[in-house]
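Trainee: Build me a model:
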Amino acid sequence: MIARRVTLAVLLTASGVAAAAPAGQFGFLRGSNRTVSIRADDGRTVAALIVEADQRPAPAVVLVPMLGRPKEDWLPLAERLGDANITAIAIDLPGQSLAEPGVLTSWHTVIGATVGYLAARADVRASAIGVAGASLGASLAVVAAAADPRIRSLALISPSLDYRGVRIEGPMKQYGSRPALLLASLKDPYAARSVRELAGSGGPRETQWSETPAHGTVLLSREPALIRSLVEWFRRTLAVN
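Mentor: Model (predicted):
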């Protein structure tokens, strides 16, 4: 695998505009786990890691983590996407108290901001942006994609039809004819049931099953072959040359 530059992304606002951060809040990483916290202008705290494609402009994929898990969980997939000439950006979820009413239902706006940031970059093909999410990240990805036609492809790992009030059956239908990959372990009953129901939501829907007893990005770490499947999915659906 090529040693690849990983950079900390600029501040993302809710409108997707990149804003400057104070000196010292950016860095260059090579496999390091060093992170920074960046506060958006709406009060959310969003940190992001970018793995850039070598040949640009390139397609791009936003990677959304599980609740309580960091963006670094996505680094193995991000590196493989970069090797496949797809820019990857892994984000943290906002640092807000879950006790706030309806807080989870608003977190999808961070994904929209990230998509806006990518679409504004000259080295990204704005017509070829995808999103992958795990667990709660999958739910937020669906809600964001339903409202944002710039998201051309989805990959959902261990999705839930209803995650703490974030319901995705309706948004999945709104997503319409755009393609989605639905991936879950057969040993993860609710995620498996959710995949089966979402598979009939219209549009191109592909399913992939695992026998590994794990959930979300933990499933990817325990069964690395699934990472290859995700890379191939985005290569195909985002028309990587």
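
Trainee: need the next SSE after the lowest-mean-pLDDT helix or strand in the chain, C-terminal direction.
Mentor: For the chain, using mean pLDDT, DSSP states H and E, the weakest element among its helices and strands is strand 28-29, scoring a mean of 36. Next in sequence after strand 28-29, counting helices and strands by DSSP states H and E, comes strand 48-51.

Trainee: strand partners of that next one, parallel vs antiparallel please.
Mentor: strand 6-8 (antiparallel), strand 87-91 (antiparallel) (DSSP bridges).

Trainee: Lowest average confidence across these, which one?
Mentor: Lowest mean pLDDT within the strands paired with strand 48-51: strand 6-8, at a mean of 46.

Trainee: Secondary structure element holding the residue nearest the centre of the chain?
Mentor: The structure's the chain has its C-alpha centroid closest to Leu63; by Cα atoms, centre = their mean the separation is 2.3 Å. In this assignment (DSSP H and E), Leu63 forms part of strand 58-64.

Trainee: and that strand with strand 87-91, angle?
Mentor: With axes from the mean of the first three to the mean of the last three Cα atoms, to 10 degrees defining the directions, strand 58-64 sits at 20 degrees from strand 87-91.

Trainee: Strand 58-64 - contacts with which helices or strands?
Mentor: Where contact means 3 or more Cβ pairs under 8 Å, 6 or more residues apart in numbering; DSSP states H and E, strand 58-64 is packed against helix 75-83, strand 87-91, helix 108-119, strand 124-134, helix 136-147. Just so you know, the C-beta spots here come from the backbone N, C-alpha and C atoms, and that holds for glycine as well.

Trainee: Out of those, the one nearest Phe234 is which?
Mentor: Evaluated over those, closeness to Phe234 peaks at strand 124-134, with 5.2 Å, by Cβ to Cβ.

Trainee: So in that sheet, which strands flank the closest one, and in what orientation?
Mentor: strand 58-64 (parallel), strand 151-157 (parallel).

Trainee: what does the first one rub up against?
Mentor: To tie it back to what came earlier, the one meant is strand 58-64. 52-53, 71, 74, 77-78, 81, 85-91, 93, 111, 114-115, 118, 123-125, 128-134, 137-138, 140-141, 234, 238-240 (Cβ atoms under 8 Å, 6 or more residues apart in numbering).

Trainee: In terms of pLDDT, where does the closest residue to Gly133 other than its chain neighbours sit?
Mentor: Ranked by Cβ to Cβ, 6 or more residues apart in numbering and with sequence neighbours excluded, the top spatial neighbour of Gly133 is Ala141, at 3.4 Å. For Ala141, the pLDDT comes out at 96.

Trainee: Ala141 contacts Leu154, doesn't it?
Mentor: Yes - contact criterion Cβ atoms under 8 Å: Ala141 and Leu154 qualify, at 6.0 Å.

Trainee: Quickly note the distance from Ala191 to Glu52.
Mentor: For Ala191, the distance to Glu52 equals 31 Å [Cβ to Cβ, to the nearest Å].

Trainee: which of these two has more neighbours?
Mentor: A direct count of neighbours by other Cβ atoms under 10 Å for Ala191 and Glu52 places Ala191 higher, at 25 against 20.
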